[in-house]
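**Student:** Just to be clear, the model below is a prediction. Sequence and coordinates:
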Amino acid sequence: MNRTQERELRHTSGVVPLRDIAFARGEGALLFDEEGRRYVDCAAGHGVAALGHAHPRLLAALSSQAERLITCAAGWPNAVRADYVARLVSLLPAGLERVFLCNSGTESIEAALKFARLATGRQGVVALERAFHGRTFGALSATANPKYRQPFEPLVPGFAHVPPNDVAALEGAVTAETACVLLELVQGEGGVHALEAAFVQRARELCDERGALLVVDEVQTGFGRTGRLFACEHYGLVPDLLCLGKAIGGGVPMGAVGIGPRVGELPPGSHGSTFGGNPLACAAGLAVLDAFAKDGLTERARTIGAWFHERLRGLSSELVRDVRGLGLMQAIELRVRAAPFVAGLLEEGILTIPTGTMAIRFLPPLVIRREELEQVLAALERVLVRPTREGASEEVRS
């Protein structure tokens, strides 16, 4: 246990397990611990650091804005906020011309659920199995995994869950009492599974036919992660409510909901956020959008992601069952438990994320260089042939 870990453990709640590496600084797609050891970051704070670490555009924007004004309650107009929402709306799918700003992805889900109930006068929510939407009560109610739900039940009533890509189940679940259907187009926590286009199209049709709203969770997939600015572009889809977070602020806490015309007018005071849309976060958001516009990050994620995907498919290990993903959101599914291999990669100086029990997820900063991904691939080759502490005697599963 390092000293920083020991100091944190003394006073933190304990709900987040602390690892025994303390990071001191970052640069691009690299992180450095307190001993100066270098790591290639293929986690990016669960996709938050799309611009990487210490991006000059973001640093300059934060420094400049902090000298002028950090906070300004949402009820008072602010030029930075006005600039940001106008810029964001110009990039959202056509028709999403209003924005609610908050502090995180789970808050954007909560806001969208409330807006859907307000707009429709209904209570029902249909979500998908294997999706993950957050840990607050509404977002948790939309998350089917009992690992997250059971300790906190009873949760918010009115939520139903159907298997992904099961059109018949979806048709049976969406009724005259359904306020919204909630889709995570690429289920990150669920193993990086993209929904089938026919299922997504039918969800849009059902919402239109039965008076429900379509809510899309792009907290992880938004802002270039999948090789399009938003994953719904892969499907030609325009949702009624679009939930955003993670990469939106480049590391500064921020979330947003894009709002379409079917939502109608929302009553003043029906929702709010103390820190939502503060000038510092909006300055960060503008810097992120500037980086995407000027540095070609979405195209970069698409091209380097396709190259990385093919290289992952070429790994010479019988342990690899499947490779899937879009852009720089990739996963390899193993025939054995993934945790020992995630630990082995960490020993090699590569940060990754387990997803489910059998898969390793890669969410590197979109600025990652090809030579850094070559290091990731070389480490993977070594780890997949090396006996692991937990998995040395585990048989390969069929």
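**Tutor:** Thanks, I have the structure now.

**Student:** domain parsing for this structure?
**Tutor:** Domains of the chain are assigned by automatic domain parsing as 3-54+296-385, 58-295.

**Student:** As a markdown table, these with mean pLDDT and mean neighbour count would be great.
**Tutor:** Where you see a C-beta, it was placed from the backbone N, CA and C, and this is true even at glycine. As requested, the domains of the chain are exported to a markdown table (pLDDT from 0 to 100; neighbours: other Cβ atoms under 10 Å):
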| stretch | mean pLDDT | mean neighbour count |
| --- | --- | --- |
| domain 3-54+296-385 | 96 | 18 |
| domain 58-295 | 97 | 20 |
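
**Student:** Figure out the helix or strand that the nearest residue to Asn78 once chain neighbours are set aside lives in.
**Tutor:** Distances taken as Cβ to Cβ, 6 or more residues apart in numbering place Cys72 nearest to Asn78, at 4.6 Å, with adjacent residues excluded. Assessed by DSSP states H and E, Cys72 sits outside every helix and strand.

**Student:** tell me the SS of the closest residue in space to Phe152 that isn't next to it in sequence?
**Tutor:** In this structure, Phe152 finds its nearest non-sequential neighbour in Leu140, 6.5 Å apart by Cβ to Cβ, 6+ apart. At Leu140, secondary structure determined by DSSP: H, G, I helix; E, B strand; the rest coil is helix.

**Student:** Return the distance of Leu140 relative to His193.
**Tutor:** Leu140 sits 20 Å away from His193, taking Cβ to Cβ, to the nearest Å as the criterion.

**Student:** Please apply the same query to Ala66.
**Tutor:** Ala66 is 40 Å from His193, by Cβ to Cβ.

**Student:** Doesn't Ala60 lie inside a helix?
**Tutor:** Yes: judged by three-state DSSP, Ala60 forms part of a helix.

**Student:** my guess is it meets Asp290, correct?
**Tutor:** No: counting by Cβ atoms under 8 Å, Ala60 stays clear of Asp290, with 10.0 Å between them.

**Student:** How far off centre is the helix or strand containing Ser90?
**Tutor:** Assessed by DSSP H and E, Ser90 sits inside helix 79-91. Offset of helix 79-91 from its chain centre (Cα atoms, centre = their mean, to the nearest Å): 21 Å.

**Student:** Which SSE is immediately downstream of that helix?
**Tutor:** Counting by DSSP H and E, the next helix or strand C-terminal to helix 79-91 is strand 98-102.

**Student:** which helices and strands does whatever helix or strand comes next after that following strand pack with?
**Tutor:** As assigned by DSSP H and E, the chain's next helix or strand after strand 98-102 is helix 105-120. Counting contacts by 3 or more Cβ pairs under 8 Å, 6 or more residues apart in numbering; DSSP states H and E, helix 105-120 packs against strand 98-102, helix 137-141, strand 178-183, strand 213-217, strand 241-244, strand 255-259.

**Student:** what about those, which gets the closest to Gly276?
**Tutor:** Between Gly276 and the helices and strands packed on helix 105-120, the tightest spacing by Cβ to Cβ is seen for strand 98-102, at 4.3 Å.

**Student:** For Glu153, find the nearest of the helices and strands packed on helix 105-120.
**Tutor:** helix 137-141 (9.5 Å).

**Student:** Tell me the helices and strands packed up against the closest one.
**Tutor:** When contacts are defined as 3+ Cβ pairs under 8 Å, 6+ apart, helix 137-141 sits against helix 105-120, helix 146-149.

**Student:** what sits up against that helix?
**Tutor:** Helix 137-141 has contacts (Cβ atoms under 8 Å, 6 or more residues apart in numbering) with 106, 109-110, 113-114, 125, 133-134, 148-149, 152, 155-156, 159.

**Student:** For the chain, which segments count as helices?
**Tutor:** Along the chain, the segments classed as helices by DSSP state H run 3-11, 44-47, 56-66, 79-91, 105-120, 137-141, 146-149, 167-173, 197-210, 279-295, 297-313, 339-347, 370-385.

**Student:** Would you mind giving the helices and strands packed on helix 105-120 as TSV with distance to Gly349 added?
**Tutor:** Formatted as TSV, those follow (distance: least, Cβ to Cβ, whole Å):
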stretch	distance to Gly349
strand 98-102	35
helix 137-141	34
strand 178-183	36
strand 213-217	32
strand 241-244	31
strand 255-259	32
